[in-house]
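In: Mind looking at a prediction? Sequence and model below.
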Amino acid sequence: MAASDRIMLGPLVGAIDQGTSSTRFLVFNAKTAELLSHHQVEIKQKFPKEGWVEQDPKQILQSVYECMERTCEKLSQLGIDLSNIKAIGVSNQRETTVVWDKITGEPLYNAIVWLDLRTQSTVERLINRTPGKNKNHLKHKTGLPISTYFSAVKLRWLMDNVDEVRSAVHSGRAMFGTIDSWLIWSLTGAKNGGVHCTDVTNASRTMLFNVHTLDWDPELCQFFDIPMEILPKVRSSSEIYGLIKSGSLTGVPISGCLGDQSAALVGQMCFKDGLAKNTYGTGCFLLYNTGQKPVMSEHGLLTTVAYKLGRDKPACYALEGSVAIAGAVVCWLKDNLGIIQSPEEVEKLAASVGTSYGCYFVPAFSGLYAPYWEPSARGIICGLTQFTNRSHIAFAALEAVCFQTREILDAMNKDSGIPLKQLQVDGGMTNNKLLMQLQADILCIPVVKPSMPETTALGAAMAAGAAEGVRVWSLEPEDLTAVTCERFEPQINPEESEFRYARWKKAVAKSMNWETTEPLNGNGETSIFSSLPLGFYLLGSMFMLIGAKYISGLKK
């Protein structure tokens, strides 16, 4: 298409949305927030051992390049001039940990994904070192419990168990980062001058970051025995970090960076104290804006940095409730049980019965996150009868997502002292209307879904477009685009909701203390004797065998 035929739409902003299951690149009109084009690539997860979840950092990077190029092709086909793209923002799966060699640019191990459980023995060892064996020992600085969820223990495991990582750290060649750091470093030149940085929202998920000073904390790094030299520089969520060095968008600044849940909070325009959003993706994440003061939870929630939209702007904080398994339970029904052929089928299957018929499903595949932080829990399905069929299990799986959100919301209401009057929602699962109605019924408050569902990418684009030196997107309240929404009102009486919720809590109690993780050796392997009943059985069998041989010897 000739240059004279290209459409000039005013400034555009791109957003890289790198999630657990897919990578996307989206382009928005900075004046109207309209989504113009996008491309998506699925990301493979690897499960080398039970509880281990990994991804290939090079595949993630390649998926970003592919999405950017395909989106640019689509824009060109629409006659849109690529020179209109003035900035790019990054939104990413948080906590997922990468270590790479700054000389070669090569990853030294697969990325360890946020819901990976291999570090449980590392976590227990660290907790045992604290006064009173207290998992909240670092919470006054980090806002977080010591848990497998966060990056510091994943990095500690890599340094303890991977020779290449340990060697690179000792020789000063190692770089650590969450996915945002790996992408920004790679896109801005990699080993040829790439910018090694992260933003405050991602840094606040590592357990190495002090949420009060807004920087890496020497005492925290000492606790985990991690050298500060390998850490990225902490920046705000909205400033120019560097320029894209290759591809169709060469020279465009990367000027926004937010962890995916913070990006969704911004995209939902929850800029005032007391506003909250819940994102339904692989996991489920409820964030409640607490303003410019970090609030420490007394009810199992996390304190996290919500955003810092400029170097000279104040940081805003949030209380967060994190659920490990939400959309992932639907994938489990498809991939592991085979009771559905596609994720979309679960709504139709569940709607065909309209009830779980007393069946409750606690999908604690990675233990339980907020508000319990109980890694020993494992998934259970209970309340089964001969009448129960796959439709009831599908319904129970959707209810499980809603019950887990209710538990977090209850904790959030206690911490804030102000009950939430409605819940703003986003994420892929919100396309399931049955799920949204169930959520309203179980919470007993309205659920509000924006008609433009790409709020995570939108938040990253807003941060990038508003950065100093770009300034194509205004975040002033009077300039923010009004959002049309779909609203789901509760349709059952509160008594029924409370009855079902009480049964759910009973099921959760039965899922607890299922697993122990005393390591057999330094490789993080679990001893078979960590299961007490099995251990007693095996020891008893051994003694009986020895006794039998002894008795038979006497008879001779």
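Out: Yes, it's here.
In: pLDDT weak spots in the protein?
Out: Residue ranges of the chain with pLDDT under 70: 1-8, 482, 516-556.
In: State which helix of it is the longest.
Out: Ordering each helix of the chain by length in residues (DSSP state H) puts helix 390-416 first.
In: Give me the buried positions along that one.
Out: By 16 or more other Cβ atoms under 10 Å, the buried positions in helix 390-416 come out as 390-412, 415-416. To be clear about C-beta, it is placed using only N, CA and C from the backbone, and glycine gets the same treatment.
In: which residues touch the helix or strand that it is followed by?
Out: Toward the C-terminus, helix 390-416 is succeeded by strand 423-426 as the next helix or strand (DSSP states H and E). Strand 423-426 is contacted from outside by 264, 267-268, 270, 275-280, 286, 405, 409, 436, 439, 443, 445-450, 453, 455-456, using Cβ atoms under 8 Å, 6 or more residues apart in numbering.
In: let's go with 6 Å and repeat that
Out: For strand 423-426, contacts defined as Cβ atoms under 6 Å, 6 or more residues apart in numbering pick out 264, 268, 277-279, 447-449, 455.
In: And for stretch 117-136?
Out: 51-52, 137, 145-146, 148, 153-154, 156-157, 366, 375, 517, 519, 524.
In: Quick one: distance of it to the chain centre.
Out: 22 Å (Cα atoms, centre = their mean, to the nearest Å).
In: Mind checking which of the contacts of strand 423-426 are in strands?
Out: Of the contacts of strand 423-426, the ones assigned to strands by DSSP state E are 277-279, 447-449.
In: Can you tell me which of those is nearest residue 297?
Out: residue 278 (16.6 Å; Cβ to Cβ).
In: didn't the closest one look like it was pressed against residue 286?
Out: Yes: with contact defined as Cβ atoms under 6 Å, residue 278 counts as touching residue 286 (4.4 Å).
In: From the rest of the structure, what touches stretch 287-305?
Out: By Cβ under 6 Å, 6+ apart, the residues outside stretch 287-305 that reach it are 143-144, 200-201, 204, 211, 261, 265, 270, 273, 275-277, 306, 314-321, 370-371, 411-412, 414-415.
In: List the buried residues in it.
Out: Going by 16+ other Cβ under 10 Å, stretch 287-305 has these buried residues: 287-290, 294-295, 297, 299-305.
In: among the residues you listed, which two are most distant?
Out: Longest span within the buried residues of stretch 287-305, Cβ to Cβ: 299 and 305, 19.8 Å.
In: Could I get the full set of strands for the stretch 201-350 of the chain?
Out: All strands of the stretch 201-350 of the chain, identified by DSSP state E, counting those that start in this stretch, fall at 209-210, 215-216, 233-235, 238-243, 253-259, 276-280, 284-291, 302-307, 316-323.
In: Using TSV, lay out these together with distance to residue 346.
Out: As requested, the strands of the stretch 201-350 of the chain are arranged in TSV below (distance: least, Cβ to Cβ, whole Å):
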stretch	distance to residue 346
strand 209-210	38
strand 215-216	42
strand 233-235	40
strand 238-243	38
strand 253-259	28
strand 276-280	13
strand 284-291	15
strand 302-307	29
strand 316-323	17
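In: deepest of these, which one?
Out: Of the strands of the stretch 201-350 of the chain, the one with the most neighbours on average (mean count of other Cβ atoms under 10 Å) is strand 253-259, at a mean of 30.
In: Excluding chain neighbours, what is closest to residue 25?
Out: Ranked by Cβ to Cβ, 6 or more residues apart in numbering and with sequence neighbours excluded, the top spatial neighbour of residue 25 is residue 67, at 3.7 Å.
In: Quick check on that neighbour: phi, psi?
Out: Dihedral pair for residue 67: phi -60, psi -40, per degrees, to the nearest 10.
In: Straight-line length of stretch 132-146, end to end?
Out: By Cα to Cα, to the nearest Å, the extent of stretch 132-146 from end to end equals 14 Å.
In: roughly how far is stretch 449-467 from the heart of the chain?
Out: Mean-position distance between stretch 449-467 and its chain equals 17 Å (Cα atoms, centre = their mean).
In: Show me the contact partners of that stretch.
Out: 13, 15, 17, 26, 28, 30, 35, 87-89, 91, 237-240, 255-256, 258, 260, 263-264, 266-268, 425-426, 430, 472-473, 475, 483-486.
In: Buried among those? Need that as a selection in ChimeraX.
Out: Selection of buried members from those for ChimeraX, criterion 16+ other Cβ under 10 Å:
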select :13,15,17,26,28,30,35,87,88,89,91,237,238,239,240,255,256,258,260,263,264,266,267,268,425,426,430,472,473,475,483
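In: Among the contacts of stretch 449-467, which are located in helices?
Out: 260, 263-264, 266-267.
In: Show me which of the contacts of stretch 117-136 is closest to residue 346.
Out: Taking Cβ to Cβ as the measure, residue 346 lies nearest residue 366 of the contacts of stretch 117-136, at 20.2 Å.
In: How about stretch 61-73, which residues are buried there?
Out: For stretch 61-73, the neighbour count (16+ other Cβ under 10 Å) marks 61, 63-65, 67-68, 70-72 as buried.
In: TSV for those, including distance to residue 221 and secondary structure?
Out: What follows is the buried residues of stretch 61-73, written out as TSV (distance: Cβ to Cβ, whole Å; DSSP: H, G, I helix; E, B strand; the rest coil):
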residue	distance to residue 221	secondary structure
61	27	helix
63	31	helix
64	29	helix
65	33	helix
67	34	helix
68	34	helix
70	40	helix
71	39	helix
72	40	helix
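In: would CSV of the residues you listed with distance to residue 326 be doable?
Out: Output for those, formatted as CSV (distance: Cβ to Cβ, whole Å):
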residue, distance to residue 326
61, 26
63, 22
64, 24
65, 29
67, 24
68, 28
70, 28
71, 27
72, 32
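In: Going by distance to residue 101, which of those wins?
Out: Using Cβ to Cβ, those come closest to residue 101 at residue 61, 14.5 Å.
In: Excluding residues flanking it in the chain, which one is nearest the closest one?
Out: Nearest in space to residue 61, with sequence neighbours left out and distances taken as Cβ to Cβ, 6+ apart, is residue 186 at 5.2 Å.
In: So that neighbour lies in a helix, does it not?
Out: Yes: membership of residue 186 in a helix is supported by DSSP: H, G, I helix; E, B strand; the rest coil.
In: With residue 452 as the reference, measure out to it.
Out: 29 Å (Cβ to Cβ, to the nearest Å).
In: Quick check on these two: which one has the bigger neighbour count.
Out: Per other Cβ atoms under 10 Å, whichever of residue 186 and residue 452 has more neighbours is residue 186, with 22 against 16.
In: That one contacts residue 62, correct?
Out: No: shown here, residue 186 and residue 62 do not form a contact pair, counting by Cβ under 6 Å, at 10.0 Å.
In: chain center to stretch 104-112: distance?
Out: 20 Å.
In: pull the CA atoms of that stretch into CSV?
Out: Taking Å, rounded to 0.1, in the frame of the first residue of the first chain, the C-alpha atoms of stretch 104-112 are listed here in CSV:
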residue,chain,number,x,y,z
THR,A,104,26.3,-15.0,25.8
GLY,A,105,22.7,-13.9,26.3
GLU,A,106,21.6,-17.5,26.8
PRO,A,107,19.3,-18.6,29.6
LEU,A,108,21.1,-20.9,32.1
TYR,A,109,18.0,-22.9,32.9
ASN,A,110,14.3,-23.0,32.0
ALA,A,111,12.1,-20.3,33.6
ILE,A,112,10.6,-21.6,36.9
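In: buried sites along it?
Out: Buried, per 16+ other Cβ under 10 Å, within stretch 104-112: 105, 107-112.
In: Just send those back as JSON lines, with secondary structure too.
Out: Below are the buried residues of stretch 104-112 laid out as JSON lines (three-state DSSP):
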{"residue": "105", "secondary structure": "coil"}
{"residue": "107", "secondary structure": "strand"}
{"residue": "108", "secondary structure": "coil"}
{"residue": "109", "secondary structure": "coil"}
{"residue": "110", "secondary structure": "coil"}
{"residue": "111", "secondary structure": "strand"}
{"residue": "112", "secondary structure": "strand"}
